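Asks: Provided below are the primary sequence and the corresponding predicted coordinates.
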Amino acid sequence: MEQRKFSQAENAYKKAKAHPEIKYWKLVNEPPDFSCKPDKMKRFMEMLRLTVAAIKKANPEAVIISPDPTNMAPTNGTRLIEAFIKAGILDICDIIAIHPYRPRPEEPDLDADTLFFLK
């Protein structure tokens, strides 16, 4: 895993350096749910910290967008955002992202989940 963390950061540095016109950098799309796996969350956050440091080194003006869970249902997406916040995501990201879509719009209640997420 160590080598992969460094190669991820190295690749991020090269991309950010090669594309100074890109201001917004998203870290991970729909990451695995590590909210109940503290050791994996810790390693994942270490990789994200290295990646953000590399992007910021290449472009200090870069805006970093957090990994975004697949949805904001309280039982998974919101729980994962809360786990990221506890793990320190607010220290490295400028924007917290989440996917608000559903497989079926009417179930579960998107409005209720949105209110729960924003609390």
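Replies: Looks like it arrived, so ask away.
Asks: Let me see the contact set for residue 81.
Replies: 69, 72, 96, 98, 117 (CB atoms under 8 Å, 6 or more residues apart in numbering). The C-beta positions use only the backbone N, C-alpha and C, and glycine is treated the same way.
Asks: How far does stretch 94-101 stretch from one end to the other?
Replies: Its start and end residues considered, stretch 94-101 measures 22 Å (CA to CA, to the nearest Å).
Asks: which of the residues in it are buried?
Replies: Neighbour counts over stretch 94-101 (16 or more other CB atoms under 10 Å) mark residue 98 as buried.
Asks: again, but for stretch 75-90
Replies: Neighbour counts over stretch 75-90 (16+ other CB under 10 Å) mark 77-81, 83-84, 87, 89 as buried.
Asks: Report the secondary structure state of residue 115.
Replies: helix (DSSP: H, G, I helix; E, B strand; the rest coil).
Asks: what number of residues lie near it?
Replies: Applying other CB atoms under 10 Å, we find 10 residues neighbouring residue 115.
Asks: which sections of this structure are below the confidence cut-off?
Replies: Where the chain drops to pLDDT under 70, the residues are 1-6, 102-108.
Asks: hey, where'd the strands end up in it?
Replies: 24-26, 63-65 (DSSP state E).
Asks: Could you export the single longest helix found in the chain as CSV, CA atoms only?
Replies: Criterion DSSP state H: the longest helix present in the chain is helix 38-58. Extracted C-alpha coordinates of helix 38-58, given in CSV (Å, rounded to 0.1, in the frame of the first residue of the first chain):
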residue,chain,number,x,y,z
PRO,A,38,-10.9,2.5,11.2
ASP,A,39,-7.6,1.0,10.0
LYS,A,40,-8.6,1.2,6.4
MET,A,41,-10.0,4.7,6.8
LYS,A,42,-6.7,5.8,8.4
ARG,A,43,-4.7,4.4,5.4
PHE,A,44,-7.1,5.9,2.9
MET,A,45,-6.8,9.3,4.6
GLU,A,46,-3.0,9.1,4.6
MET,A,47,-3.2,8.5,0.8
LEU,A,48,-5.6,11.5,0.4
ARG,A,49,-3.3,13.8,2.5
LEU,A,50,-0.3,12.9,0.3
THR,A,51,-2.3,13.5,-2.8
VAL,A,52,-3.6,16.9,-1.7
ALA,A,53,-0.1,17.9,-0.6
ALA,A,54,1.1,17.0,-4.1
ILE,A,55,-1.6,18.9,-5.9
LYS,A,56,-1.1,22.0,-3.7
LYS,A,57,2.7,21.8,-4.3
ALA,A,58,2.0,21.8,-8.1
